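In: Sequence first, then the predicted structure:
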Amino acid sequence: MPPRRLECFKKLARTTRCKITLITPDTLDKWILPEHPLHPAYQYLSDVHKADYLRCYLMHFYGGGYTDIKLQGGPWNQAFDDMDKYGWMINGYPVSYVGHATPLCKDVWYNVLATNAIICKPNTPFTNRWYKNIIELLDKKLDELRKKPATHPYAQAADGLGYPLEYIEPNADVFQPITIEYADHVGRTLPEPNVDLNTYRF
């Protein structure tokens, strides 16, 4: 883990006031359910897209909170309480400008959730749709992924090397339209993290 990202990780528990579990390649197996194995495409994905897939998998089958390793904006306690109080399926924070929303939602960008930090109840209609859609995407791309797997952690189709997935395709393109579809069951009270790349990527 690069030094700045490690610094962010060390601050997660203190800032969010939550118990933090770091899932690594060495610990991943214990989270994968025998009846729901990793998709066959997983081994060919970029590290970024593996994280996108696992975020969906874990929120669907386990629920709880997910965050990228970024500086957090405050405690998560109230956001968890709000889930029960209002009966939400998911709680997060809204994107702050149109560039953080998938082009699929550009006309209603102010209503979509960001994907960097979320709280989910498991096995809801929301997570079922999310998981179904990402599985369908990976099914569709599997043959291409076998031929042209990721060659670096941030691989994307725009690299021009044959990797078939665009950068946000398994992430915002799948997730954000569902936040519009289930808008009445979506909360927006999670503190917004600092997503400046300079604070965590290097």
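Out: That came through, no problem. The shown structure was predicted, so the numbers you read here are calculated from the model rather than taken from an experiment. Numbering: from 1, shown residues only.
In: Give the full set of residues in contact with the residue of the chain positioned farthest from its centre.
Out: Distance from the C-alpha centroid of the chain, by C-alpha atoms, centre = their mean, peaks at residue 147 (25.6 Å). By C-beta atoms under 8 Å, 6 or more residues apart in numbering, the contact list for residue 147 reads residue 162. Quick note: C-beta positions are derived from backbone N, CA and C, even for glycine.
In: Could you report the separation of it from residue 128?
Out: To residue 128, residue 147 is 30 Å away according to C-beta to C-beta, to the nearest Å.
In: Please apply the same query to residue 70.
Out: 27 Å.
In: More neighbours: which of the two?
Out: Set residue 70 next to residue 128 and count neighbours by other C-beta atoms under 10 Å: residue 70 wins out with 22 against 14.
In: Which residue, neighbours along the chain excluded, lies closest to the more buried one?
Out: Distance criterion C-beta to C-beta, 6 or more residues apart in numbering; nearest residue to residue 70, sequence neighbours excluded, is residue 193 at 4.4 Å.
In: same deal with residue 43?
Out: Using C-beta to C-beta, 6+ apart, the closest residue to residue 43 is residue 149 (7.5 Å).
In: mind listing what residue 49 touches?
Out: Going by C-beta under 8 Å, 6+ apart, residue 49 touches 150, 155, 165, 170-171.
In: ok, these vs residue 109, which is closest?
Out: Residue 109 has its nearest neighbour among the contacts of residue 49 in residue 171, at 15.2 Å by C-beta to C-beta.
In: List the contacts of that closest one.
Out: Residue 171 neighbours (C-beta under 8 Å, 6+ apart): 49, 52, 115.
In: Among those residues, which lie within strands?
Out: Counting by DSSP state E, those place none of their members in strands.
In: With respect to pLDDT, which of these ranks lowest?
Out: Within the set of the contacts of residue 171, pLDDT is lowest for residue 115 (93).
In: so what's the residue nearest to residue 43 up against?
Out: If a contact means C-beta under 8 Å, 6+ apart, then residue 149 has 43-45, 163 as its contacts.
In: and what of residue 178?
Out: Taking C-beta under 8 Å, 6+ apart, one finds 126, 129-130, 133 in contact with residue 178.
In: Around the closest residue to residue 76 other than its chain neighbours, how many other residues sit close by?
Out: If the residues on either side of it in the chain are set aside, residue 76 comes closest to residue 16, at 4.5 Å by C-beta to C-beta, 6+ apart. A count of neighbours around residue 16, defined by other C-beta under 10 Å, yields 23.
In: Surely residue 16 is in contact with residue 71?
Out: No. Using C-beta atoms under 8 Å, residue 16 makes no contact with residue 71, being 10.8 Å away.
In: which regions of the chain sit below the pLDDT cut-off?
Out: 196-202 (pLDDT under 70).
In: That'll do, ta.
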